[in-house]
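Peer 1: Pasted the sequence and its predicted model underneath.
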There are 2 protein chains.
Amino acid sequence: MSDLPSQVTIREVSLRDGLQIEEPISLDAKIELLEAVVATGVREVEATAFVSPSKVPALADAEQFAAELKRFSAPHFDVEFSALVASPNGARRAIAAGLNSIEYVVSAADSHSRANVGRGTEEATVAIADVLRIARDNEAKLEVIVATAWDCPFDGPTAPQRVLDIVTAACDLGVDRIAIADTIGTATPRRVGTLLTQVQQIIGDTPLGAHFHNTRGAGLASAYAAVQAGVTRLDASVGGLGGCPFAPGASGNIATEDLVYLLRDSDIDTGVDLDRTIEAAGVAQRLIGHELPSSLLRAGDRIGG
Amino acid sequence: MSDLPSQVTIREVSLRDGLQIEEPISLDAKIELLEAVVATGVREVEATAFVSPSKVPALADAEQFAAELKRFSAPHFDVEFSALVASPNGARRAIAAGLNSIEYVVSAADSHSRANVGRGTEEATVAIADVLRIARDNEAKLEVIVATAWDCPFDGPTAPQRVLDIVTAACDLGVDRIAIADTIGTATPRRVGTLLTQVQQIIGDTPLGAHFHNTRGAGLASAYAAVQAGVTRLDASVGGLGGCPFAPGASGNIATEDLVYLLRDSDIDTGVDLDRTIEAAGVAQRLIGHELPSSLLRAGDRIGG
């Protein structure tokens, strides 16, 4: 058996990745979901994205929603709120809105990068320096997320070296965190273990996260493989909400409650309460108005779990 | 990384475990599903169960369906058909119907055993000898399946020693195969690895299989953990059909197409064609008349897979 970490940090992404493919919901509904999510005990929440409102109408209220985050922040709560950006301009918007943790996404697959942000991988990688400068000038953290790290919806398999090149560039600049994302839900445990082990070898002490979708059923298997490979940060979404509107076939982040169940059984502490996470998944399902792909929301915890 | 086996045998269980919780379908419909399943290239098919027709009406036609298997058998096809039984009488029925591969199920959890077959675990274990005698007298193979190996729907966690005791008894008698079953879909990879490693240590060369349900989302993660622990036989069901009518909350065997996708990506040969398995899942969904929980049936293979 592999040695497993004793602790894994879950970042709750329902409010960003979870909502972005859905029909827009009201600001009040988002606040209700946020309250349910914060009550689970999760310490990191990806709250929104500062991207084109015409491309992602569900997050067009990023500035308004960011203003609501203050009452869920220290000293009342011990939660770090982050926002995803795809350009230096997005980073400036996030900072202006009061965020102090930024995720900048770079697609390792060139076609996905162009479809997603209108720039190729190389140009998006060069811009890491600009985003980092904005973060540093404002005492904000910066995480670089490598998207389409295993497969591109247009080009097929992503060459691992393309991922490693982005990670190397980001680490050379001194970003605070790296995350590797299975944007379209094609990853499987062996490919996950192989790539993340390679990434570990070049990032030194930089914290490493991973992001999976359950599109082909292997999301939790991939998350567990990531943990076996030494990853201690995982993204998940209550109810399994989520997808990428620019990646055909993408659907459903791994469900936070299903992940918490699996990690608890592995004696890995997440600080997240399972019952409250199932409740938050129920809130998400009610607010969204259609059935969500969560397993625990249907089946519940096991007896004696 | 663990060493993975180069080959895994998938046993297709849609026609038994897949159908048993569903409204009964016609003999013609079962034959159509069987044709689709055999076309996938799978080498082992759990065809039916010889159990109480009043308890499992969906399999009340076991004798008639068994008669149809002959034209799918050698020399035309290289497929082994098996049937599940829960008593010596069931074994006699299976033999009389022409089956030469029998699965005898023993619940490791006493309450589940009594609810399922009206006998406790000890009594069911003692009967292995009777079932084996029937098999040997008729040159049939015998596999012992240990059900509720991780959790009981009534009692909670199953003590691992209860599983090991059944396995020891079966191996001492010289049965042909052992399988360990997560009957109610509560298993998670770490608990799977721990128990199956213990089982491996006592069974010698007896082939070991595992059976998972995806009820709590961890079915594929558990199957991969089983393979990492050295298991080379896995049950799966096209479309993710399946469940146990006597185990509240149980739903959905792991989907064959999702498993084939994951194993292919791990360079593990199954001899099963992915496209034809997705087709068979589509046939199952049409015949059953409601949406099945398969991921690949919705999302398809990845580009360049």
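Peer 2: Sure, I can see it. Numbering: from 1, shown residues only, chains lettered A, B, ... in the order given.
Peer 1: which residues touch the residue of the stretch 51-200 of chain A found nearest chain B?
Peer 2: Here the stretch 51-200 of chain A gets closest to chain B at one residue, A:Gly156, 2.9 Å apart by CB to the nearest CB. For every residue, glycine as well, the C-beta is placed using N, CA and C. A:Gly156 is in contact with B:Arg302, B:Ile303, B:Gly304, counting by CB atoms under 8 Å, 6 or more residues apart in numbering or on different chains.
Peer 1: Going by neighbour count, which of the residues you listed comes out on top?
Peer 2: Most neighbours among these, by other CB atoms under 10 Å in any protein chain shown: B:Arg302, with 23 neighbours.
Peer 1: and A:Asp235, that one's in a helix?
Peer 2: No. Looking at A:Asp235 with DSSP: H, G, I helix; E, B strand; the rest coil, it is strand, so not inside a helix.
Peer 1: Which strands or helices does the helix or strand hosting A:Glu122 pack on?
Peer 2: Element membership for A:Glu122, per DSSP states H and E: helix A:121-126. Contact analysis of helix A:121-126 by 3 or more CB pairs under 8 Å, 6 or more residues apart in numbering or on different chains; DSSP states H and E lists strand A:101-107, helix A:110-117, helix A:160-173 as its packing neighbours.
Peer 1: quick one: the helix or strand following that helix to helix A:160-173, angle?
Peer 2: Once helix A:121-126 ends, the next helix or strand along the chain (criterion: DSSP H and E) is helix A:128-137. Using axes from the mean of the first three to the mean of the last three CA atoms, to 10 degrees, the inter-axis angle of helix A:128-137 relative to helix A:160-173 is 40 degrees.
Peer 1: buried set for helix A:128-137?
Peer 2: Buried residues in helix A:128-137, counted by 16 or more other CB atoms under 10 Å in any protein chain shown: A:Ile128, A:Val131, A:Leu132, A:Ile134, A:Ala135.
Peer 1: hang on, the third one packs against A:Val175?
Peer 2: Going back to what we said before, that points to A:Leu132. Yes. At 6.1 Å, A:Leu132 counts as touching A:Val175 under the criterion of CB atoms under 8 Å.
Peer 1: which residues do these two both contact?
Peer 2: In terms of CB under 8 Å, 6+ apart, A:Leu132 and A:Val175 are both contacted by the residues A:Leu142.
Peer 1: still on that earlier bit, chain B next: which of the buried residues of helix A:128-137 are close?
Peer 2: Contacts with chain B within the buried residues of helix A:128-137, counted by CB under 8 Å from any CB of the partner chain: none were found.
Peer 1: With pLDDT added, can I get these in CSV?
Peer 2: Shown next, in CSV, are the buried residues of helix A:128-137 (pLDDT from 0 to 100):
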residue, pLDDT
A:Ile128, 98
A:Val131, 98
A:Leu132, 98
A:Ile134, 98
A:Ala135, 98
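Peer 1: Among those residues, which one sits closest to B:Asp17?
Peer 2: A:Ile128 (50.6 Å; CB to CB).
Peer 1: Do I have it right that that closest one meets A:Gly174?
Peer 2: No. Assessed by CB under 8 Å, A:Ile128 is found out of contact with A:Gly174, at 10.3 Å.
Peer 1: who are the neighbours in contact with A:Gly239?
Peer 2: A:14, A:18, A:255-257, A:280-282, A:284-285, A:288, A:292-294, A:297.
Peer 1: For ChimeraX, what selects the buried ones among those residues?
Peer 2: To isolate the buried members of the contacts of A:Gly239 in ChimeraX, using 16+ other CB under 10 Å:
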select /A:14,18,255,256,257,280,281,282,284,285,288,292,293,294,297
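Peer 1: Among the contacts of A:Gly239, which are located in helices?
Peer 2: In this view, the contacts of A:Gly239 that belong to helices under DSSP state H are A:Thr256, A:Glu257, A:Ala280, A:Ala281, A:Gly282, A:Ala284, A:Gln285, A:Ile288, A:Leu297.
Peer 1: Keep those, but drop any that are not near chain B.
Peer 2: When CB under 8 Å from any CB is applied, no member of those is adjacent to chain B.
Peer 1: Show me which of the residues you listed is closest to A:Val272.
Peer 2: Closest approach to A:Val272 among these (CB to CB): A:Thr256, at 7.0 Å.
Peer 1: Give me the pLDDT for the closest one.
Peer 2: Per-residue pLDDT puts A:Thr256 at 98.
Peer 1: on that earlier part again, pipe the helices and strands packed on helix A:121-126 into TSV and attach mean pLDDT, distance to B:Gly120 and mean neighbour count per row.
Peer 2: Listed next are the helices and strands packed on helix A:121-126 as TSV, based on pLDDT from 0 to 100; distance: least, CB to CB, whole Å; neighbours: other CB atoms under 10 Å in any protein chain shown:
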stretch	mean pLDDT	distance to B:Gly120	mean neighbour count
strand A:101-107	98	55	27
helix A:110-117	94	57	20
helix A:160-173	98	54	19
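Peer 1: out of the ones you listed, nearest to A:Leu262?
Peer 2: strand A:101-107 (24.2 Å).
Peer 1: Neighbouring strands - and their directions - for the closest one?
Peer 2: strand A:80-85 (parallel), strand A:141-147 (parallel) (DSSP bridges).
Peer 1: related to what we said a few turns ago, just the ones in helices among the contacts of A:Gly239 now: which is nearest chain B?
Peer 2: A:Glu257 (8.6 Å).
Peer 1: isn't that closest one right up against A:Ser237?
Peer 2: No. Contact between A:Glu257 and A:Ser237 fails when scored by CB under 8 Å: they sit 9.9 Å apart.
Peer 1: returning to what we had before: in JSON lines: the strands paired with strand A:101-107, plus mean pLDDT and mean neighbour count.
Peer 2: Below are the strands paired with strand A:101-107 laid out as JSON lines (pLDDT from 0 to 100; neighbours: other CB atoms under 10 Å in any protein chain shown):
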{"stretch": "strand A:80-85", "mean pLDDT": "98", "mean neighbour count": "25"}
{"stretch": "strand A:141-147", "mean pLDDT": "98", "mean neighbour count": "24"}
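Peer 1: Identify the nearest residue to A:Ala39 in space, disregarding sequence-adjacent positions?
Peer 2: In space, and not counting its chain neighbours, A:Ala39 is closest to A:Arg276: 5.3 Å by CB to CB, 6 or more residues apart in numbering or on different chains.
Peer 1: and the gap between that neighbour and chain B?
Peer 2: Relative to chain B, A:Arg276 is positioned 17 Å away (CB to the nearest CB, to the nearest Å).
Peer 1: where does that residue land in three-state SS?
Peer 2: The three-state label given to A:Arg276 by three-state DSSP is helix.
Peer 1: can you tell me which residues contact it?
Peer 2: Neighbour list for A:Arg276: A:Ala36, A:Ala39, A:Thr40, A:Gly41 [criterion: CB under 8 Å, 6+ apart].
Peer 1: Please apply the same query to A:Gly18.
Peer 2: When contacts are counted by CB under 8 Å, 6+ apart, A:Gly18 touches A:Ser237, A:Val238, A:Gly239, A:Leu241, A:Gly242, A:Asn253, A:Ala284.
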